[in-house]
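1. Fold the following for me, if possible:
(one chain, ligands or ions: 1)
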Amino acid sequence: MALLDVKNLSISFGGLRAVDGFEMQIEKGELYGLIGPNGAGKTTVFNLLTGVYKPNEGIIKLDGEDITGKKTIDINKAGIARTFQNIRLFKQLSVLDNVKVGLHNHYKYSTLEGILRLPKYKKVEKAMDEKAMEILKVFDLDGEADVLATNLPYGKQRKLEIARAMATEPKLLLLDEPAAGMNPNETGELMETIQFVREHFGMTILLIEHDMKLVSGICEELTVLNFGQVLAQGKTADVLNNPEVISAYLGDE
Ligand SMILES: Nc1ncnc2c1ncn2[C@@H]1O[C@H](COP(=O)(O)OP(=O)(O)OP(=O)(O)O)[C@@H](O)[C@H]1O
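-> A predicted model of the protein is given here:
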């Protein structure tokens, strides 16, 4: 059974069918790329997978569970976490606190326990600090735990966003253009981070990316979207050599 199984997914905005009959199956542990020209509908697919938009048609199953049309928070609890095209960190919080935000699905105390700083609150906060530090160590960000997120260099902000997503303990990690705005060195490090996350956590990863070096370097499978529809799907090398795919990209220049 595929970890992510999407069938006939569609959404329209006014007269525009932004995503049209979209299908995709991702197996556990796969590193999968979603590519396509600007405006093809890639981010809209992510927004459908994460409950930001409800589809007009179609079914989304995660690990056998129907998550179609559920709220974002419930989809995150079911096991999908994401990062955004424009990094969305809590910029005025510390690196440690950003990761703790991601832990809140799994660590609970009541509002009253929090306001009154009761022993349960203190115990849970301590456990969260320890867990967040553990995650930061894995991402080699523990040295910057107390730094405000806004003061991290760009590449590390991206890494922190991935660390925060991983703190929610997802089954599937969605990365929306992780290399956007990066120089070649930062992109190289990002590729290593993504491969590390896949290997260390056995994570299944779906990423949207325009950087073909990154896509061909780390993705095993690809889906190409064009005008909301799947243009090609399969092994990365085969898809990138597909003449229809090449012409869709040249048409975009
Ligand atoms: N909320 C919305 N309301 C109206 N139109 C929308 C909405 N969201 C997306 N669209 C339209 O749907 C189409 C697909 O947009 P989307 O952002 O998914 O493309 P994309 O493939 O991610 O593009 P890019 O690579 O430039 O980020 C575009 O024409 C966009 O204008």
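2. Look up the pLDDT of Lys7 for me, please.
-> The pLDDT attached to Lys7 in the predicted structure is 98.
3. Nearest residue to Thr187 in space, please, no chain neighbours.
-> Distance criterion C-beta to C-beta, 6 or more residues apart in numbering; nearest residue to Thr187, sequence neighbours excluded, is Ala179 at 4.7 Å. C-beta here means a position set from N, CA and C on the backbone, and glycine is covered the same way.
4. for the ligand, what are the nearby residues on the stretch 1-150 of the chain?
-> Residues of the stretch 1-150 of the chain lying close to the ligand by C-beta under 6 Å from any ligand atom are 13, 16, 18, 36, 38-44.
5. Tell me where the protein has strands.
-> Remark: strands of the chain, listed N- to C-terminal, are 4-13, 16-26, 31-35, 57-62, 65-66, 80-83, 172-176, 204-208, 221-226, 229-235; assignment by DSSP state E.
6. The shortest one: how far from the chain's middle?
-> So the one you mean is strand 65-66. Distance, stretch centre to chain centre, for strand 65-66: 19 Å (C-alpha atoms, centre = their mean, to the nearest Å).
7. Which strands or helices does that strand pack on?
-> Of the remaining helices and strands, none touches strand 65-66 by 3 or more C-beta pairs under 8 Å, 6 or more residues apart in numbering; DSSP states H and E.
8. Run through who's touching that strand.
-> Under the contact criterion C-beta atoms under 8 Å, 6 or more residues apart in numbering, strand 65-66 has outside partners 59-60, 78.
9. ok so, going back, quick one: buried ones out of the residues of the stretch 1-150 of the chain next to the ligand?
-> In those, burial by neighbour count holds for 18, 36, 40-44, counting by 16 or more other C-beta atoms under 10 Å.
10. From these, which land in helices?
-> Taking DSSP state H as the definition of helices, these contribute 42-44.
11. phi, psi of the residue of the stretch 51-200 of the chain found nearest the ligand?
-> Per C-beta to the nearest ligand atom, Gln85 is where the stretch 51-200 of the chain lies closest to the ligand, at 6.3 Å. According to degrees, to the nearest 10, the main-chain angles of Gln85 amount to phi -60, psi -50.
12. returning to what we had before: the residue nearest to Thr187 contacts Met212, doesn't it?
-> No. At 10.3 Å, Ala179 does not count as touching Met212 under the criterion of C-beta atoms under 8 Å.
13. Now do the contacts for the nearest residue to Gln233 once chain neighbours are set aside.
-> In space, and not counting its chain neighbours, Gln233 is closest to Thr223: 4.8 Å by C-beta to C-beta, 6+ apart. The neighbours of Thr223, taking C-beta under 8 Å, 6+ apart as the test, are 24, 32-35, 230, 232-233.
14. Show me which of these are buried.
-> Applying 16+ other C-beta under 10 Å to the contacts of Thr223, the neighbour count classes 24, 32-35, 230, 232-233 as buried.
15. will you turn those into TSV that also has pLDDT?
-> Converted to TSV, the buried ones among the contacts of Thr223 look like this (pLDDT from 0 to 100):
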residue	pLDDT
Met24	97
Tyr32	98
Gly33	97
Leu34	97
Ile35	96
Val230	97
Ala232	95
Gln233	97
